[in-house]
Structure formats: structure tokens, C-alpha cells
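In: please find the sequence and the predicted model below.
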Amino acid sequence: MPQTLMIYDGTTGETAPGLRTGGIPLVPVGFSWPRCATCEGAMQFLAQLPVDEGTVAVFICANDPGLCEEWDPFDGGNRAYLFPSAISGGLVPATVPAEGETRLGAVSAVRTVTVDEDTYDDARSAYAELCGRGRAVLGSLGGEPDWYYADRVPNCPECEKPMTFVAHLEEGNETATAANYGGGLGYVLTCAPCTWAIFLTQS
């Protein structure tokens, strides 16, 4: 199955629509910025992902890396939201909290490239070999999850059916502005009928 890779494409505006990492998320009116269940600090916005059903916004706690269970989808150290396309009034830039590690060090534009490989890891390696820019790969969209060490497809908290894989997320294009997944990989999954989204990491 061909893989749709997300490729770093320079910088972009902090409230740009469409696919990007970093900046300020576009959210429904009245949205409350998520806070970590452990440290209670404001989370860091990671990525904005257009999907067939709308837009997914992904957050992680970066206030005390490694101490707030950022790797688990349901323990409160990260959050993801699925905002349906039909939201009344559309999406607007979120109000960013004044305190906390809320934003990545750069806002990255993202383009997509299709690579004819069966797994994400193979596609990522093939792109790096061809272009010589391994860290330019920021993740992938669709397809099947390529788990770092163990299959972790969760069930939706509402309907209890297995969630649908949406994206892999890499830490970022360069170390100084990257997210922190402990050197690992992020995974985004959704349940469109229940408008649920989750994020987890493996390293």
C-alpha cells in the first residue's frame, strides 16, 4: 500500500489553515485550551491535520517531559480533538494561555508525497535515501499504523469500537524546534461517528 508522507516545506503563518505543525490551532468558538491531568499546566500544540470529517488538533504536555504520562491516550498527558467540518461559525485561532510550554519552536508548512512502499518505516527510509533529508519527513497520513514496538489501537471511549488510524507524527524537522516524544513516534486515531480523537506516543 503506498504511503502518504508529510514532508517539511519551510515555515508558514502561525494561524495558517490546512496541514501544518506548530503555531496556533484553529478551533471552535469557546474552545478551552487543554491542561495536563498530572501537572495541570497548559499543553503544547503539535499539529493541525485536515481529515475527511474535519480537522484534528493534537496536543501534548511538555511542561515536565516524561513525568506526565504523555505516551498514554487516556491518562491526561496529551489530547487530540476532532472538529467536524460542519461546525457552526467555522474555526478561529485559539486563545493561547500566558503560561506553560504551549507552542513548538517553529511553525512548519507541510506538503505530501506518495511513496510506493508497504509500511511507513519503509517509506520514510526510502524517502531519506532518495533525498538525503531524513528529518524532512514529519509523519504520514492514512494507511496503517507502523507501531514502534507494540500494537496499541484503542477502542473509542463512547462506542467501544476500534478507532481508525489517521497519522504518524515525527518529532520535527530540527532538534531545536521539535516536539518531545522521547525519541519515538506519535500516533493519531479517531472515531468519526463519535467525533473522538486520541494521541499516543511510543519510543
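Out: Received it, and whenever you're ready, just let me know what you need.
In: pull out the buried positions in the helix or strand bottoming out on mean pLDDT in the chain.
Out: With mean pLDDT, DSSP states H and E as the measure, the helix or strand of the chain carrying the lowest mean pLDDT is helix 120-131 (a mean of 91). For helix 120-131, burial by neighbour count (16 or more other Cβ atoms under 10 Å) applies to 120-121, 123-124, 127. The way it works is simple: take the backbone N, C-alpha and C, and place the C-beta from them, glycine included.
In: what does stretch 168-175 give?
Out: Residues of stretch 168-175 classed as buried by neighbour count (16+ other Cβ under 10 Å): 168-173.
In: out of those, flag the one nearest to residue 47.
Out: When the buried residues of stretch 168-175 are compared for distance to residue 47, the smallest value, 5.9 Å, is given by residue 169; criterion: Cβ to Cβ.
In: which residue sits farthest out from the middle of this structure?
Out: Each residue of the chain has a distance to the centre, and by Cα atoms, centre = their mean the biggest one is for residue 130: 25.3 Å.
In: roughly how far does that one sit from residue 7?
Out: 12 Å (Cβ to Cβ, to the nearest Å).
In: over to residue 131?
Out: Counting by Cβ to Cβ, the gap between residue 131 and residue 7 amounts to 9 Å.
In: then residue 164?
Out: Here residue 164 is placed at a distance of 23 Å from residue 7 (Cβ to Cβ).
In: for these two, work out which one has more neighbours and name it.
Out: Of the pair residue 164 and residue 7, residue 7 is the one with more neighbours under other Cβ atoms under 10 Å, namely 19 against 16.
In: which residues of the protein fall in strands?
Out: Assigned by DSSP state E, the chain shows strands spanning 3-11, 20-21, 26-28, 44-51, 54-60, 78-84, 91-93, 108-115, 137-141, 164-169, 185-191, 196-202.
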